[in-house]
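>>> Sequence and predicted structure below; questions after.
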Amino acid sequence: MRSLLSFHVEAPLEAVAAWAKRRTGGAGVYLVPDPPWTSLYHEALEAGEDPAAIRAFLRELSHLGRALAFMVLNEEDLLFLLAEGGGEKAVLQKGPELGEALQAPPDLLPLLQRASAMPALSAVQALAARFGLHPDHALLGFLDLLEAEEEEGLPEEVVYLE
């Protein structure tokens, strides 16, 4: 069963790379541009599966621009977060391991309610589409990119930090 963690911020690749260099924690981080978004795949945070650490990282990241996080555990549990200016704006948490939580501004509440009724991977696709984020970027994790790099290589615009 598949697990993944992806972060996305509305900021240029160069700004995200400069910010992320100080936050690798000695682990690998992939950056993938998808203007206006830049996606981040953080090895240590993915391996840790710690919602508190993910929330803290996303809040910091959101100082660069509107930021999203998607964590799926065993294709069953889902954590979706939206942050802006250092504060969380929306949370969808569901599944036996993560428990249940739903918080959103009125304009996003119906979307998050629909997403909460979907399988985790389908919910990620629906939420990504709402924010104009490429669904394939939302459905990737660090290990997916590592495997792709080993098998066929990655596009040259992908940046790897350590």
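Cool, got the structure.

>>> just for the chain, where's the confidence low?
Residue ranges of the chain with pLDDT under 70: 1.

>>> did I read that right, residue 63 in a strand?
No. If the criterion is DSSP: H, G, I helix; E, B strand; the rest coil, then residue 63 is coil and not within a strand.

>>> That one touches residue 87, doesn't it?
No. Applying Cβ atoms under 8 Å as the test, residue 63 and residue 87 come out as separate, 10.1 Å apart. For every residue, glycine as well, the C-beta is placed using N, CA and C.

>>> more crowded one of the two?
Neighbour comparison, residue 63 and residue 87: the larger count goes to residue 63, with 14 against 8 (by other Cβ atoms under 10 Å).

>>> what sits against the more buried one?
85-86 (Cβ atoms under 8 Å, 6 or more residues apart in numbering).

>>> which stretches of this structure form helices?
13-21, 43-48, 51-61, 109-116, 120-130, 135-138, 142-151 (DSSP state H).

>>> So what pairs up with residue 90 in the strands?
Residues in a beta bridge with residue 90, per DSSP bridges, are residue 82.

>>> List the contacts of it.
Residue 90 is in contact with 80-82, 103-105, 108, 112, counting by Cβ under 8 Å, 6+ apart.

>>> how much space between it and residue 44?
According to Cβ to Cβ, to the nearest Å, residue 90 and residue 44 sit 25 Å apart.

>>> So what's the residue count around the spatially closest residue to residue 15 that is not a sequence neighbour?
The shortest distance from residue 15 to any non-neighbouring residue, by Cβ to Cβ, 6 or more residues apart in numbering, is to residue 64 (5.9 Å). Residue 64 has 17 neighbours, counted by other Cβ under 10 Å.

>>> what's the answer for residue 101, then?
For residue 101, using other Cβ under 10 Å, the count is 12.

>>> for the one 5 residues further on, same thing?
Residue 106 is flanked by 6 other residues according to other Cβ under 10 Å.

>>> Backbone dihedrals for it, please?
When read as degrees, to the nearest 10, the backbone of residue 106 gives phi -50, psi -40.

>>> Of the contacts of residue 90, just the buried ones, ChimeraX syntax please.
Filtering those down to the buried ones (16 or more other Cβ atoms under 10 Å) takes a single ChimeraX command:
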select :80,81,82,104,108,112
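
>>> and the contacts of residue 90 as CSV, adding distance to residue 137?
Output for the contacts of residue 90, formatted as CSV (distance: Cβ to Cβ, whole Å):
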residue, distance to residue 137
80, 14
81, 16
82, 16
103, 24
104, 22
105, 24
108, 20
112, 20
